[in-house]
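Colleague: Predicted model follows, preceded by the sequence.
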Amino acid sequence: MKTAIIQRIVLGFVLLIAVIVLNFLLLQLAPGDVVDAMLAEGGGGDPALAAKLRASYGLDQPVYIQLFKYLGQVLSGDLGYSFYYDDSVSDLILGHLPTTLMLTLSALVLAVAVGTLFGVYAAIKPRGIFSNFVTVFSLLGYATPVFWLGMIILLVFALYLPIFPAFGIRSIPEPENSLDRILDVINHLVLPIFTLAILYLANYSRISRASMLDVLGADYIRTARTKGLSEFKVIFKHALRNAALPVVTLAGLQLGHIFSGAVLVETVFSLPGLGPLLYESIMRRDYPVILGVLFGAAATTIVANIITDLVYKRMDPRIQSIT
Amino acid sequence: MKNDIAHNASPFSFEEAVPEPEVKWRETLRVFCQNRMALLGLIMVSIFIFVGLLGPIIFPADPFEMVAAPLSEPGAGALFGSDYMGRDVFIGIIYGTRPTLVIATTATLMTVLIGITLGAVAGFYGGMIDNVLMRITEFFQVLPPLVFAMVIVAVFSTDIVVVILAIAVTTWTAEARLTRAEFLKIKEREYVMSARAIGARNFRLIARVILPNAMPPLVIAITLRVGITIIYEAALSFLGLTDPDVMTWGKMIGLSRDFFFDAWWSVTFPGVAILLIVLCIALIGDGLNDAFNPKLRGR
């Protein structure tokens, strides 16, 4: 068990380095660099100035030297310095991280909790109205583009029924006392969280419904019932334990990919999260920031995968190999 | 002549020994056709394909041309209204159908080709090859697909070909894993062993014996993948990461992002188009699922 975990962590580490190298080379292959983008913004290109700028950013050195330099930097915990913002990449990421985390984690937790309940309830009466509702709902969830859903929700709950604020994460001017300020942020986050959660929810209710239906047909459930256990105990203590495995898998996968949904939702709701930061950096060819965000995304996925494996093993001791 | 004799002399005639496929395609088709929702989906998707093929001929227009007053409401002049530049939303949807379908099908095809090839090789050979291929798969799973695709398109080019490649390169891992799992399961079956025993070569075993029997779950996954790809492409277009000369549904929504409080129709209708076609594809996928697994019907 212990060696397996260590093996897993080492593998994750190797994977992370491979990702850094790939991203770095990918950006090297791209036509144009930050100096081109900067000079284009200024309107003209003076070759002497371009050469001077490249030298000052270390862009005039051979690729492999730049790569080794970057690798060494990252491994010592330094993600470099943004070409555009007057700030270090780690500070930029840490500054934008709270919004993204608040948005995605609350949406994920909400979706897992409510989705599992939906699925369980639907599986108890597989031909009932609620079960059909879950089926239709999950179909719609699969088919709806998240950015469009966000805009429709904005139209309904911010324009026609002005209950929630439409854009940003803070009111201007900001409320005076700190409690009001927290409530203000929450108020701004309700719609984005709701948007993301609805789509996740569709997924979780479908998966937990299917796996619950599977489990409820198993022999040990009949045994539990014939023992005279209450239906509540049968479902929540016996069945759900096994039915929850696919839910855990999906949650782990999504925990690693929280960025993808966040990019779109944050763009629609104009939230100052990592999504817009990445998007703007891509447009400006601000490579250190792009590399930094991709590094963060990859690291999140790898850690999430390891955690999922560990949780999975705890829940189902039959699973031996975790690689 | 010589070959003929050798062939006839062989005690085991190879062609005759090909095992009956487990999948009964005709039965599956029959069950599928009894599923009304799936047929409805199929008909709707056919209509979309029809619009994609003939729409630009029936409504000759330029989707980028300004034909109405900006932000005019849906009505007589423009059926679905006009956007902030006075472009006709209806014409945009008609003209957006073809690129949407072309990108979705080609990107899905590439995704599936990469995924099935790698998954099949990994599952069939096992051992070291499997190990290496699975590490590569893991590597591609580590980066969030949409983010990865954004970087590729933005950094290289917004050409349609690059968009298709970016989608394929970032999404093939699911198909690879699925194919591998199926191959691991099926390669132990008796008919595979008997095909091997009579001397079928590896390529034949992979392509003619195992793959046809691995198809049912793959067909369902591929169908659903088309829908996912449509949404994925729409997301890239929404962010402006697509060919500037091509009108797509996602781009219509993205362009109107700053003005949609004044013109709900400019984002609602293109979104409904996306929702509708993906929903219909999902219905087809569900129908296929029921048809391949009659026991699981209603799940």
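Modeller: Structure's in. What do you need?
Colleague: For the closest residue to B:M37 other than its chain neighbours, which three-state class applies?
Modeller: Excluding the flanking residues, the one nearest B:M37 by CB to CB, 6 or more residues apart in numbering or on different chains is B:L283, at 5.0 Å. Yep, even glycine has a C-beta here, placed from its N, CA and C like the rest. The local conformation at B:L283, judged by DSSP: H, G, I helix; E, B strand; the rest coil, is helix.
Colleague: ok, now which ones touch B:L283?
Modeller: A:L139, B:M37, B:A38, B:L40, B:G41 (CB atoms under 8 Å, 6 or more residues apart in numbering or on different chains).
Colleague: Confirm for me that the second one is in contact with B:G285.
Modeller: No - under the criterion of CB atoms under 8 Å, B:M37 lies out of contact with B:G285, with a separation of 10.9 Å.
Colleague: These two - which one has more neighbours?
Modeller: B:G285 (23 against 15; other CB atoms under 10 Å in any protein chain shown).
Colleague: Would you mind pulling the contact partners of stretch B:79-88?
Modeller: Residues contacting stretch B:79-88 (CB under 8 Å, 6+ apart): B:61, B:63-75, B:78, B:89-90, B:92-93, B:252, B:255-256, B:258-259, B:262-263, B:265-266, B:269.
Colleague: Which of these are buried, as a PyMOL select command?
Modeller: Only the buried entries of the contacts of stretch B:79-88 go into this PyMOL selection, using 16 or more other CB atoms under 10 Å in any protein chain shown:
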select buried, chain B and resi 63+68+71+72+74+78+89+90+92+93+252+255+256+263+265+266+269
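Colleague: What about the contacts of stretch B:79-88, which are in helices?
Modeller: Counting by DSSP state H, the part of the contacts of stretch B:79-88 found in helices is B:V89, B:F90, B:G92, B:I93, B:M252, B:L255, B:W265, B:S266, B:F269.
Colleague: What separation do you get for the first one and chain A?
Modeller: With the distance defined as CB to the nearest CB, to the nearest Å, B:V89 ends up 14 Å from chain A.
Colleague: what sits against that residue?
Modeller: B:P74, B:A78, B:L79, B:F80, B:G81, B:S82, B:D83, B:M252, B:W265, B:S266, B:F269, B:P270 are the contacts of B:V89 under CB under 8 Å, 6+ apart.
Colleague: quick one: secondary structure of the residue nearest to it when sequence neighbours are not counted?
Modeller: Nearest non-adjacent residue to B:V89, counting by CB to CB, 6+ apart: B:F80, 3.9 Å away. Look at B:F80: counting by three-state DSSP, its state is coil.
Colleague: For stretch A:208-224, buried residues please.
Modeller: Under the neighbour-count criterion of 16+ other CB under 10 Å, stretch A:208-224 has A:S208, A:R209, A:A210, A:S211, A:M212, A:L213, A:D214, A:V215, A:L216, A:I221, A:A224 buried.
Colleague: what number of residues lie near A:N203?
Modeller: 19.
Colleague: Give me the most central residue, the chain.
Modeller: No chain was given, so I picked chain A. Centroid check for chain A by CA atoms, centre = their mean gives A:I258 as the closest residue, at 0.7 Å.
Colleague: please go with chain B instead
Modeller: Centroid-nearest residue in chain B, with CA atoms, centre = their mean: B:V226, separated by 2.6 Å.
Colleague: How is A:P126 assigned, secondary-structure-wise?
Modeller: Here A:P126 is coil, with the state taken from three-state DSSP.
Colleague: I'd like the distance between it and B:I210.
Modeller: Separation of A:P126 from B:I210 (CB to CB, to the nearest Å): 34 Å.
Colleague: Likewise for B:P145?
Modeller: Distance, B:P145 to B:I210, using CB to CB: 28 Å.
Colleague: how far is stretch A:79-94 from where the chain is centred?
Modeller: Computed by CA atoms, centre = their mean, to the nearest Å, the separation of stretch A:79-94 from the middle of its chain amounts to 21 Å.
Colleague: Which positions within it qualify as buried?
Modeller: Across stretch A:79-94, burial judged by 16+ other CB under 10 Å covers A:L79, A:G80, A:Y81, A:S82, A:F83, A:Y84, A:Y85, A:S88, A:V89, A:L92, A:I93.
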